[in-house]
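Colleague: Need coordinates for the below:
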Amino acid sequence: MDMMELDGSQGGGQLLRSALTLSLCTGIGFTMRDIRAQRRRPGLMRQHLTAVTAAARVGNACTQGVQLGATSLRFEPGSVCAGDYQFATGSAGSATLVLQTILPALWQAAAPSRVRLEGGTHNPLAPSADFIADAYLPALARMGVQASLELQQHGFHPAGGGVLQVEVAPCAALQACDFQDRGNLASIEATVLMSGLSSSIGLRELQVLADILGVDAHPRHVHSVRPALGPGNVALVHVRHDAHVEVFSGHGERGVSAEQVGARLAGQVQQYLQGSGCVGEHLSDQLLLPMALAGAGSFTTAAISEHLVSNARLIEKFLPVEFDWQPHAGGWRVTVSR
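Modeller: Okay, the predicted model is just below:
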């Protein structure tokens, strides 16, 4: 088996997750050293362990060094098998990041799969379940991927306990897609999720979003999560253009007022709206891998993040593609080609 040696010191968990995905999709094994070396707590954390475990099960892989805190591991993939899977982070670790790790391998499988994921569904440093369902999966659908997500139970940090049910169909070949123009603005909608906290907090956040963005501030947009497994507060804004949807989130935290949460979130949305790029910062990073698997594609975005650069360079190690980014209309145009 071909084996690749990777340096994990220049990135976080995203480098590991991308390596796992690419290994499953290409059959190339890897060893990674200095995993998350520059993070405050280096090495594998629970959600990383779950991602490795999930990738190993889906791809019948052999692994070495998979333990909490490990800074190196070896991953040798076997054949990817469709099936009915269940994975739990055992904490509030992100269930959506585990999903993104295994999803490309499952859509390459020969039969449909169902995956139940337990853990965090709305985490500050991960895509929310709403982002996956309403931005990420629709973008993949334009490339030919048929997948659906059902949010069965919300999970917030630190309690976790969220449940996602995902179904994915086989996709024989991804279609190259260009995300160049988002089209005319269709709507901006805000929703606030509250768990174990007063709904008045959510109403204050909603009012700030209404004042700045002009969204509807009706109390029906504040949803109390039941059962409340722990305290949680997430404000979500869906920005719908004719050709593209982006989802932005702001998380309540101790010592930060509802007004600050709302204002920060509104600032994110305004920055996107004032730019000309089709794809937001987070989705731009996540589209690289499926575009590379398709062998071609492009998108426009406002900025080139460090995440995007490190992810692109890793993908180029596994696949015969090249990424390029050039200034475009006040932002950037990213392309992939063989």
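Colleague: so where is the stretch 1-150 of the chain shaky, pLDDT-wise?
Modeller: 1 (pLDDT under 70).
Colleague: mind running it again at 90?
Modeller: By pLDDT under 90, the weakly predicted segments of the stretch 1-150 of the chain are 1-2, 8-14, 34-48, 65, 68-71, 89-93, 125.
Colleague: give the contact list for the residue positioned nearest the centre of the chain.
Modeller: In the chain, the residue lying closest to the centroid (CA atoms, centre = their mean) is residue 127, at 4.1 Å. Listed by CB atoms under 8 Å, 6 or more residues apart in numbering, the contact partners of residue 127 are 94, 96, 97, 100, 136, 282, 286. Every residue, glycine included, has its C-beta placed from N, CA and C.
Colleague: shouldn't the third one be in contact with residue 126?
Modeller: Yes: look at residue 97 against residue 126 with CB atoms under 8 Å: they come within range, at 5.1 Å.
Colleague: residue ranges of the helices in the protein, please?
Modeller: Secondary structure of the chain (DSSP state H): helices at 13-26, 46-58, 95-107, 129-131, 137-141, 199-213, 258-274, 281-294, 306-318.
Colleague: Which one of these lies nearest to residue 163?
Modeller: helix 95-107 (8.0 Å; CB to CB).
Colleague: Just the angle for the closest one relative to helix 13-26, thanks.
Modeller: 20 degrees (axes from the mean of the first three to the mean of the last three CA atoms, to 10 degrees).
Colleague: Report the angle between helix 95-107 and helix 46-58.
Modeller: Using the same axes, to 10 degrees: helix 95-107 against helix 46-58 is 20 degrees.
Colleague: Show me what helix 95-107 is packed against.
Modeller: helix 13-26, helix 46-58, strand 84-88, strand 113-119, helix 129-131, strand 147-153, strand 162-168, helix 281-294 (3 or more CB pairs under 8 Å, 6 or more residues apart in numbering; DSSP states H and E).
Colleague: Put together a markdown table for those, with mean neighbour count and distance to residue 319 on each row.
Modeller: Output for these, formatted as a markdown table (neighbours: other CB atoms under 10 Å; distance: least, CB to CB, whole Å):
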| stretch | mean neighbour count | distance to residue 319 |
| --- | --- | --- |
| helix 13-26 | 23 | 7 |
| helix 46-58 | 22 | 17 |
| strand 84-88 | 16 | 25 |
| strand 113-119 | 22 | 23 |
| helix 129-131 | 25 | 25 |
| strand 147-153 | 17 | 21 |
| strand 162-168 | 21 | 21 |
| helix 281-294 | 23 | 5 |
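Colleague: Let me have the contacts of residue 127 in TSV, adding distance to residue 241 as columns.
Modeller: Listed next are the contacts of residue 127 as TSV, based on distance: CB to CB, whole Å:
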residue	distance to residue 241
94	27
96	23
97	26
100	23
136	16
282	16
286	18
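Colleague: Name the nearest of these relative to residue 73.
Modeller: Closest to residue 73, out of all of those and judged by CB to CB, is residue 97, at 16.8 Å.
Colleague: neighbours around that closest one, how many?
Modeller: 24 (other CB atoms under 10 Å).
Colleague: Who are the contact partners of residue 133?
Modeller: 149, 151.
Colleague: Tell me the spacing between it and residue 243.
Modeller: Taking CB to CB, to the nearest Å as the measure, residue 133 falls 18 Å from residue 243.
Colleague: what's next to stretch 276-284, contact-wise?
Modeller: 127, 131, 135-136, 139, 179-182, 243-244, 246, 248, 272, 287, 299-303, 305, 308, 329-332, 334.
Colleague: at 6 Å instead, please
Modeller: 135, 179-180, 182, 244, 246, 272, 299-302, 305, 308, 329-331 (CB atoms under 6 Å, 6 or more residues apart in numbering).
Colleague: Pick the one among these closest to residue 81.
Modeller: Scanning the contacts of stretch 276-284 for proximity to residue 81, where the rule is CB to CB, the winner is residue 135, at 28.7 Å.
Colleague: What is the neighbour count of the nearest residue to the closest one once chain neighbours are set aside?
Modeller: Of all residues not flanking residue 135 in the chain, residue 247 sits nearest, at 4.7 Å (CB to CB, 6 or more residues apart in numbering). Neighbour count for residue 247, taken as other CB under 10 Å: 24.
Colleague: Would you convert the helices of the chain into TSV that also reports distance to residue 221?
Modeller: Below are the helices of the chain laid out as TSV (distance: least, CB to CB, whole Å):
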stretch	distance to residue 221
helix 13-26	32
helix 46-58	30
helix 95-107	22
helix 129-131	13
helix 137-141	21
helix 199-213	6
helix 258-274	12
helix 281-294	23
helix 306-318	31
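Colleague: For the stretch 201-338 of the chain, which residues score under the pLDDT cut-off?
Modeller: 226-230, 306-307, 329-330.
Colleague: Any figure for the gap between residue 327 and residue 303?
Modeller: On the measure of CB to CB, residue 327 and residue 303 end up 11 Å apart.
Colleague: and what of residue 118?
Modeller: Residue 118 is 34 Å from residue 303, by CB to CB.
Colleague: same thing with residue 13?
Modeller: Taking CB to CB, one finds residue 13 at 21 Å from residue 303.
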